[in-house]
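>>> can't give you the sequence, but here's the structure:
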């Protein structure tokens, strides 16, 4: 074997060709580094891919809403120039009611109040001040979200590609009582203010979706603010790229190429190569070695640090802390090809392009979680539905539609039987649930694809398959993400950095982790003149 | 007015009621304790009692014969492993070393860190986790211990320290007993400190002789005050309110005690039933979210259960024996509980107490506590047949690890597994399931203000939900604001 000596192939290896990997690689290449992206699968994209459910029915296979994307990244990568187009931006949400009294959860507080008044005039009145308070709190979080936890990096002299900001360590303006209320559960926060079960179910669902936490788990109230923090001050909010999530990746790939990034597919990393305790490169499945003195991993932190040979370079305490990082996926994806547009009871046509939420109450979420804890699922799963073909005509031929739904909570491993047989039950149950809201929907299904948490795990590269790269729990956020002492993207392994969803701030298709990861790398190695 | 008005009336001469009574008597209040049982010796099951060392000191209980004891050994048994956590750390480590030398080393550090976390919590104050996450400066300092302790699930803490599933399961089960908390719930790590001795010896201790001795010492202490009366055989039939405030308590015999405050230890529901006019809300209920009494079965057996790998003397010494302790098993059982079902795989523990029932006749009482048994199941209420099945369920679980147990059973008594009613006022009440903030399972939330109460002056508490024992009674006494200073003295 060739020794890991100077004369390296690359300056930086980025592991993983998903959104964070590509964004990070591009930013580093723009800083004049020779960068290679190693992707394990036969295509780049990770969780952001488009695929055909059946011929002529294209859909975002896993992640189906983009953003809110980091505006700084959008700008630095010139994604629009590289072909990224959004067919829908600032998508509103609608909490579906089986009787057609839907609640609109949008930007406009009056719409929500209006739709709520059919349920409870008192709640309609209480909503605007409540939501305003959360949004105001979210504004304080905006900066926290876009900077590394514990203050901005010291950039090296010619350093970062973004002007250094002042440290945002102070939570000032964040009322102490309110901060204490956010330590509590989203269920308590909502029970305190509202009576309408549908409202409480949908708002709690939005806060928690993707994390294996019940609505009465401590700290879930904070997640409601975190979600809003992602949305405020952003240009596009939740958006749909024309052509689905894969189109975002295509634009990112073009941006990466333009910046000089090389990409290798079918290049799963077997293990790291070291030179005197310092990272020197990786060996990939083909047996080939790729050399670089710096590696940035967009894989989850546990796999990166414990499964690829870096373990012996870590202090024991940190190793054990990392083992406890919870990043087991609990969400499935269902994609349906439809022969015609289904009729949702009482739903205004203009809302068909919004996010439709099925989560009628807090009790619904609690029951679903109880089944999840037992390793199963019940008819109480909650769903987020989009019908992207309503605004993106490139996905399917006229008249037909595609429906994309995330289904929550589902276990990775079924306690009874396997997902091979469990899938059919899941599809049947989802059909029955959808029928309550759109009676004709099950009859319009031409083809269906189901991705269980275990399937998503495979697509995400066998690293947990968590929607956010790890539960958004108070012990796994900010300075504690993924573990105390590891939150600043650098690791105790010399030359190894993190930039995936398992780092601050959280998951979602935002590019923030990648930018902060890239900044950390440059702060350590310095940008090239 | 024909009768003298008391400052407070306490219903129930159980441990919580007596703690409230002593605390109020100490403050010079005129009080009466009403106990349904005709004689002093009635209540108490010979169970363990853990008390706060500070409360024992404050209330002077040692002067009235209360003695503190060290914790019993905790035994974890599976079909192929037995692990004994002796109160003595070194002895515990020796036992742990038989399953994992690493864990034996880590055990001391684990106890020390819990102690540190508990102490740093009290010294650093209870500042918001969210505020900490947003403002922490991570550049140079590790996060304070109490932050991790309050934010993390106990499973994460245990995984960080230990490899042995049995050890982790034992510690998790001890932490979760009597709660409705999942081992993966964020914040549940604080519950690890419930295991006496883990939080440092200065916080809480076992009482020598258990709840019987504790009650005896409290009664002795109360008799010392002449401003406190205790009435046995006093069966309360009605709590009378006037102008939205509690006014008096009526007994079945017709006697009336008038008072400006009532502390009922009968729990929310039964207290509500006693309210004249069939009122639903029983005034202030001390908030204790999601606490669930374990189902308890007392078996009387002719020979003590024999466990593989544990010598008979240890079992008979009153050790707490946890069967098949495992974090994931606890998680599944918790899921079943949340779905209002009896867990298929029981999570239970037992203690064996020898009893001399007559000259030369020796029996053993085996107290089995099963975790995560729902108050109401999807099959309906706990009627005869279902209760029998639960007893059988417990018996079979013990039999599986201690063959011959079932054959030795002479009698079995089930305590109704009844979930304590939650909390808060109706507006705050969630839908379905009990809500739990792990923290409030050990430390009841701040006492509710009287102004918010539906009926002024009335407090209902549920006994045996408080740890350390007496915490509920003390909180009740404090929350009616009577412990401060006697009325007559206030103006002097």
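Okay, I see it. Since the model is a prediction, treat every value here as computed from it, not as a measurement. Numbers count the residues shown, from 1 in each chain, chains lettered A, B, ... in the order given.
>>> I figured residue B:244 hits residue B:456, correct?
Yes - using Cβ atoms under 8 Å, residue B:244 makes contact with residue B:456 at a distance of 6.0 Å. Where you see a C-beta, it was placed from the backbone N, CA and C, and this is true even at glycine.
>>> of these two, who's got more company?
residue B:456 (19 against 11; other Cβ atoms under 10 Å in any protein chain shown).
>>> was I right about the more buried one contacting residue B:242?
No - using Cβ under 8 Å, residue B:456 is not in contact with residue B:242; the gap is 10.0 Å.
>>> tell me if the helix or strand of chain A with the lowest mean pLDDT is near chain B.
When each helix and strand of chain A is scored by mean pLDDT, DSSP states H and E, helix A:176-182 comes last, with a mean of 79. Yes - under the criterion of Cβ under 8 Å from any Cβ of the partner chain, chain B is reached by helix A:176-182 at A:176, A:179, A:180, A:182.
>>> which elements pack onto the helix or strand following that helix?
Beyond helix A:176-182 on the C-terminal side, the first helix or strand identified by DSSP states H and E is helix A:186-193. Using 3 or more Cβ pairs under 8 Å, 6 or more residues apart in numbering or on different chains; DSSP states H and E, the elements in contact with helix A:186-193 are helix A:121-146, helix A:197-208, helix A:220-231, helix A:362-373.
>>> give me the below-cutoff pLDDT ranges for chain A.
Chain A contains residues with pLDDT under 70 at A:1-8, A:151-175, A:232-236, A:462, A:527-529.
>>> how is it carved up into domains?
By the assignment in automatic domain parsing, chain A contains the domains A:12-48+A:67-86+A:240-325+A:467-525, A:113-211+A:218-228.
>>> would you turn those into JSON lines with distance to residue A:104 and mean neighbour count?
JSON lines is the format used below for these (distance: least, Cβ to Cβ, whole Å; neighbours: other Cβ atoms under 10 Å in any protein chain shown):
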{"stretch": "domain A:12-48+A:67-86+A:240-325+A:467-525", "distance to residue A:104": "18", "mean neighbour count": "23"}
{"stretch": "domain A:113-211+A:218-228", "distance to residue A:104": "5", "mean neighbour count": "20"}
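>>> now the closest residue to chain A within the stretch 301-450 of chain B, what's its secondary structure?
Proximity of the stretch 301-450 of chain B to chain A (Cβ to the nearest Cβ) peaks at residue B:335, 2.8 Å away. Using DSSP: H, G, I helix; E, B strand; the rest coil as the criterion, the local structure at residue B:335 reads helix.
>>> let me know whether it touches residue A:370 as I believe.
Yes - between residue B:335 and residue A:370 there is a contact at 4.8 Å, judged by Cβ under 8 Å.
>>> out of the domains of chain A, which is closest to residue B:389?
Closest approach to residue B:389 among those is made by domain A:113-211+A:218-228 (32.3 Å; Cβ to Cβ).
>>> just how off-centre is the closest one within its chain?
For domain A:113-211+A:218-228, the separation from the chain centroid amounts to 17 Å (computed by Cα atoms, centre = their mean, to the nearest Å).
>>> mind pulling up the pLDDT for residue B:274?
Listed pLDDT for residue B:274 reads 83.
>>> got the contact list for it?
Residue B:274 is in contact with B:236, B:237, B:238, B:239, B:264, B:266, counting by Cβ atoms under 8 Å, 6 or more residues apart in numbering or on different chains.
>>> ok, now how distant is the nearest residue to residue A:128 once chain neighbours are set aside from chain B?
Leaving aside its sequence neighbours, residue A:128 sits nearest to residue A:109 (Cβ to Cβ, 6 or more residues apart in numbering or on different chains; 4.3 Å). Residue A:109 sits 23 Å away from chain B, going by Cβ to the nearest Cβ, to the nearest Å.
>>> wait, residue A:109 sits on residue A:130?
No - the criterion here is Cβ under 8 Å, and residue A:109 misses it with residue A:130 at 9.5 Å.
>>> what residues are up against residue 94?
In the absence of a named chain, chain A is used. Residues in contact with residue A:94 (Cβ under 8 Å, 6+ apart) are A:102, A:103, A:104, A:105, A:347, A:351, A:354, A:355, A:356, A:357.
>>> if you could check chain B rather than the one you did, that'd help
Residue B:94 makes contacts with residue B:104, as judged by Cβ under 8 Å, 6+ apart.
>>> now name the helix or strand holding it.
helix B:89-97.
>>> buried residues, that helix. List them.
Judged by neighbour count (16 or more other Cβ atoms under 10 Å in any protein chain shown), helix B:89-97 contains these buried residues: B:92, B:93, B:95, B:96.
>>> residues contacting the third one?
This points to residue B:95. Applying Cβ under 8 Å, 6+ apart to residue B:95 gives the contacts B:83, B:84, B:85, B:86.
>>> a markdown table please, covering the residues you listed and showing distance to chain A.
Output for the contacts of residue B:95, formatted as a markdown table (distance: Cβ to the nearest Cβ, whole Å):
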| residue | distance to chain A |
| --- | --- |
| B:83 | 20 |
| B:84 | 24 |
| B:85 | 21 |
| B:86 | 25 |
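>>> in strands, which of those residues appear?
Counting by DSSP state E, the part of the contacts of residue B:95 found in strands is B:83, B:84, B:85.
>>> now for residue B:327: which residues touch it?
With contact taken as Cβ under 8 Å, 6+ apart, residue B:327 is in contact with B:155, B:158, B:165, B:168, B:169, B:172, B:183.
>>> and with 10 Å instead?
Listed by Cβ atoms under 10 Å, 6 or more residues apart in numbering or on different chains, the contact set of residue B:327 reads B:153-155, B:158-159, B:165, B:168-169, B:171-173, B:176, B:182-184.
>>> closest to residue A:266 out of those residues?
Relative to residue A:266, and with distances defined as Cβ to Cβ, the nearest of the contacts of residue B:327 is residue B:159, at 34.5 Å.
>>> tell me which helix or strand the closest one sits in.
When elements are assigned from DSSP H and E, residue B:159 belongs to helix B:154-161.
>>> who are the packing partners of that helix?
Contacts defined by 3 or more Cβ pairs under 10 Å, 6 or more residues apart in numbering or on different chains; DSSP states H and E place helix B:154-161 against helix A:316-323, helix B:101-124, helix B:145-151, helix B:165-176, helix B:327-338.
>>> can you pick out the most distant pair from the buried residues of helix B:89-97?
B:93 and B:95 (7.3 Å).
>>> okay, and the common contacts of the two?
Common neighbours of residue B:93 and residue B:95 are listed as B:85, B:86, B:104, B:107 (criterion: Cβ under 10 Å, 6+ apart).
>>> all set now, cheers.
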